[in-house]
Structure formats: C-alpha cells, structure tokens
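**Q** dropping a prediction and its sequence here:
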Amino acid sequence: MFITCADSRIVTAAITGAEPGALFELRTAGNVIPAYELHRPTSEMATIEFAVVQLGVSEIVVCGHSHCGAVMALNGAAIDHLPAMRGWLGEQRPRPAESDPALRAEGQEHVRAQLERLLAYPFVAERVERGELRVHGWFYDIETGAVSACDEHAFLPL
C-alpha cells in the first residue's frame, strides 16, 4: 500500500518502479492520515482497513514530498479561503517554518506524524507487532527526484 499526497507530481510508479496495478494507493490532501476514531469513520480509515484486513498488504509506505501545499498551510500559509482544507488539517501539529522554501524538514516531520497516526490504528499495530506488516516513511524531493526513507533519527537516501 502506498499512501501519498493528492499532488499529481507524485507519480508512484516512477518512484517505486511498480507496474500499473501493483500498488494499492491512497491519496489524500497532504498525505494526511486521520486519527482512528470509529465514531467518526473516514474514507481514508476505510481504505487503510480494507488494504490491511481484507487484502492483507504486507507493506505500507507513507510518502510525503517537498513543496507540499498542506505542509505550507501547517507552517503558516493562509488558507482561510479553503475552509474544508483548514478543517482537514486542523488536527495536525503545525510547526514553525525553517528557511527552506521547499519545506523539506517540515515535510519529513509531517511524514513522521502521519506514521505515528497510522501506527495507532489497532489493526495496523497488531499486525506490525506480529511481524505481518511493515510500515515505512518516505520523502520525495520534487526538485531532484531523490527519495529518502525514515529511520529512527533521520531520512536517509534509498
């Protein structure tokens, strides 16, 4: 399963080398994974549940990217004219922006936050604990095409 931003510059087959139809994809504004709340189900929750429980995917990649509009909004870009987007991002943790206009560090931190949310889904946590599912955080740099993977301390080139 590949969870990424709705941004059309993210071409999953080009990033992964996967054949068409080989990846179960979930695209959300800003690759946001909503909190797991059964009393407030979302399309994203249902899609993740279907992939993990029904299809039995063995790997999930959460992939963020540079120049992400959602990350820009989380770091102070005005989105008052986008009330649905503001509501969607409202639960996220905003961070003060650094000097990089591509917001790479902020985007990577955003990926970490989404991984944390994903690992709080009970069926994900159970399968990770049993060794049946692996979860990865990736970051795609739109300017260079470089992809890096999250480890405990940093994002390292793949």
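**A** Sure, I can see it.
**Q** next helix or strand past the helix or strand bottoming out on mean pLDDT in the chain?
**A** Among the helical and strand segments of the chain, the one scoring lowest on mean pLDDT, DSSP states H and E is helix 83-89, with a mean of 85. Using DSSP states H and E, the helix or strand that follows helix 83-89 towards the C-terminus is helix 104-119.
**Q** what count of nearby residues applies to residue 158?
**A** A count of neighbours around residue 158, defined by other C-beta atoms under 10 Å, yields 12. All C-beta spots, glycine's among them, are computed from the backbone N, C-alpha and C.
**Q** give me the below-cutoff pLDDT ranges for this protein.
**A** Within the chain, the set of residues satisfying pLDDT under 70 comprises 91-98.
**Q** where do the helices sit along it?
**A** 12-16, 43-49, 69-74, 83-89, 104-119, 122-129 (DSSP state H).
**Q** wait, which of these is closest to residue 148?
**A** Of all these, helix 104-119 sits nearest to residue 148, with 7.9 Å by C-beta to C-beta.
**Q** show me what counts as buried in the closest one.
**A** Counting neighbours by 16 or more other C-beta atoms under 10 Å, one finds that the buried residues in helix 104-119 are 104-111, 113-115, 117-118.
**Q** got it, and stretch 127-139?
**A** In terms of neighbour count (16+ other C-beta under 10 Å), stretch 127-139 has its buried residues at 127, 128, 133, 135, 136, 137, 138, 139.
**Q** could I get those residues as TSV with distance to residue 40?
**A** What follows is the buried residues of stretch 127-139, written out as TSV (distance: C-beta to C-beta, whole Å):
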residue	distance to residue 40
127	23
128	23
133	24
135	23
136	27
137	25
138	28
139	29
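**Q** pick out the most distant pair among the residues you listed.
**A** 127 and 139 (23.9 Å).
**Q** could you find the closest non-adjacent residue to residue 53?
**A** residue 123 (5.5 Å; C-beta to C-beta, 6 or more residues apart in numbering).
**Q** correction: residue 27
**A** Residue nearest to residue 27 in three dimensions, not counting chain neighbours: residue 6, with 4.5 Å by C-beta to C-beta, 6+ apart.
**Q** spit out the contact partners of that neighbour.
**A** With contacts defined as C-beta atoms under 8 Å, 6 or more residues apart in numbering, residue 6 is in contact with 27, 28, 29.
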